[in-house]
Structure formats: structure tokens, C-alpha cells
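> Quick one, fold the following:
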Amino acid sequence: VPAINIQTMVDVMLYHGLRVVPIDIKSKDDGHEEGLTIDMVDVKAVEKSISKRTVAIMVVHPFGQISALENDMEKLNEIAMKNNLILMEDCAECYAGDAGAHGSQYSDVKFFSFGTIKTSTALGGGLAILPMKGKSAAASQKDVTDIAERMRRIQCGNLYGQQANIDYMKKVVKGIFVRWVSDNPLTCGLVYTIIKY
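Residues are numbered from 1 along each chain as shown. Okay, here's the model as predicted:
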């Protein structure tokens, strides 16, 4: 996990009793690759930080920027396989439809989020993609099937049930209102004046 991430992602890990070890993204100015124009995952630093207590590697693509190219993901997959780790990818901020990122073929699981501030929004919700075959780092086909079934049970439970249509419609109306206000300086000023007084 890089040092920059949303708190709720870290909260999920802490809830499950995991200790998060942040690894900073390597700056393009640190000589990652010649001609590279973006900051990338520091594969060597990730490998150095692995201990016998490590259970997973989480690659995060922050701010719509791909932070690990496919060759980096392949190297991370090799590291994960060697250490029997799960390789996860947080694609919540880099997905932009068909033209955007869809995650790496080397990940054990890819996470996507569709909240109102995301590049592709559905006004809420999320998606976890598991490989069809357990060919990536630590997952066998049986593991993938078991994980998928456990995820289905969690989703169908009381805590994470499907949202009601009325709740979704409230989000749609709120999203339209926010867009309408933010697109027009006059309405933005009017709303600000009303809220101020």
C-alpha cells in the first residue's frame, strides 16, 4: 500500500487484524526508467519490506494515474508467488470505461469503486474482480471459487444488502443538483448566498 490512500481502505485491513506497511511510490525523478514521465511503484522497496508475516501486496493507482505498468505487475506477481502472497490491485481511481485501466492480468483481485467523485461513477457501489483461473500469485482455482462464494454471502447479508431504488434515486437527484450548481457560476453563487444566510 502506498503512503497515499483513502482511510477506509486502511480501515478494512485494520479491521481484519492486518498491519499496513506503506511503501512510497518511486518518483520519475529517481531514475525508475529512462524517459518515464509518471511516478511508479518501487518494486525493489516492496520486495525488501516483505517479512514472514506479510500476507498480501496491494498496488494502488492514485489520482487516475497508473502506478504499475504490466512489467512491474509481472515482477510483483513473481515476488508474490515466491512468498505465497496475494497480489491485490486498487483500481478505484483509474477506471474510465473501456478506454481506462482494467487492472493487470497478474492480480489475484482487482477492486473498483463507483462513487460520485470517481472517474466513472454509478453514484456508489463497488466491484471486485477475481481471476477466472487461479493462475496468478497465490490463488488456486479452488481458492478463487471459495473467495467468490464468501464474497456473495457477505453481499447478501444484512449489513451489505443491495440498496433500495429510492436510495439510488436520492443519489441521482443529488448528483444532478450538484452538477447543475457547479456548472453555472450564477447558481453556484445563489446557493452559496442561501447557505451563508
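
> Every contact and neighbour count from this point should use C-alpha atoms.
Will do.

> What average pLDDT does stretch 125-144 get?
With pLDDT averaged residue by residue, stretch 125-144 scores 64.

> end-to-end on it?
By CA to CA, to the nearest Å, the extent of stretch 125-144 from end to end equals 22 Å.

> Mind giving me the packing neighbours of the strand or helix carrying Met88?
Applying DSSP states H and E as the criterion places Met88 in strand 86-90. Under the contact criterion of 3 or more CA pairs under 8 Å, 6 or more residues apart in numbering; DSSP states H and E, strand 86-90 touches strand 56-60, helix 70-82, strand 109-113.

> what's the nearest residue to Asp108 if we skip its chain neighbours?
Counting by CA to CA, 6 or more residues apart in numbering, the nearest residue to Asp108 once its immediate chain neighbours are dropped is Leu87, at 5.2 Å.

> Same list (the helices and strands packed on strand 86-90) but as TSV, adding distance to Phe177 and mean pLDDT.
Below are the helices and strands packed on strand 86-90 laid out as TSV (distance: least, CA to CA, whole Å; pLDDT from 0 to 100):
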stretch	distance to Phe177	mean pLDDT
strand 56-60	31	89
helix 70-82	40	91
strand 109-113	22	83
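
> re the thing from before, the residue nearest to Asp108 contacts Lys75, correct?
No. The criterion here is CA atoms under 8 Å, and Leu87 misses it with Lys75 at 11.0 Å.

> Any idea which helix or strand in the protein has the lowest mean pLDDT?
Using mean pLDDT, DSSP states H and E, helix 141-156 stands out as the lowest-scoring helix or strand of the chain, at a mean of 71.

> that older thread, with neighbour numbers in mind, choose between Leu87 and Lys75.
Leu87 (26 against 15; other CA atoms under 10 Å).

> And for the residue nearest to Cys94 when sequence neighbours are not counted, the neighbour number?
For Cys94, the nearest residue in space outside its immediate sequence neighbours is Gly64; the separation is 4.0 Å by CA to CA, 6+ apart. Other residues near Gly64 come to 16 when the count uses other CA under 10 Å.

> how much space is there between Gly64 and Cys91?
In this structure, Gly64 lies at 8 Å from Cys91, with CA to CA as the measure.

> This structure: helices as residue ranges?
Counting by DSSP state H, one finds helices in the chain at the ranges 7-15, 43-49, 70-82, 141-156, 165-183, 185-196.

> right, so these: which one is the most enclosed?
Mean neighbour count, computed with mean count of other CA atoms under 10 Å, is highest for helix 70-82 among the helices of the chain, reaching a mean of 18.

> what residue ranges in the chain score low on pLDDT?
For the chain, applying pLDDT under 70 flags the ranges 1-4, 27-39, 95-101, 116-124, 132-143, 154-163.
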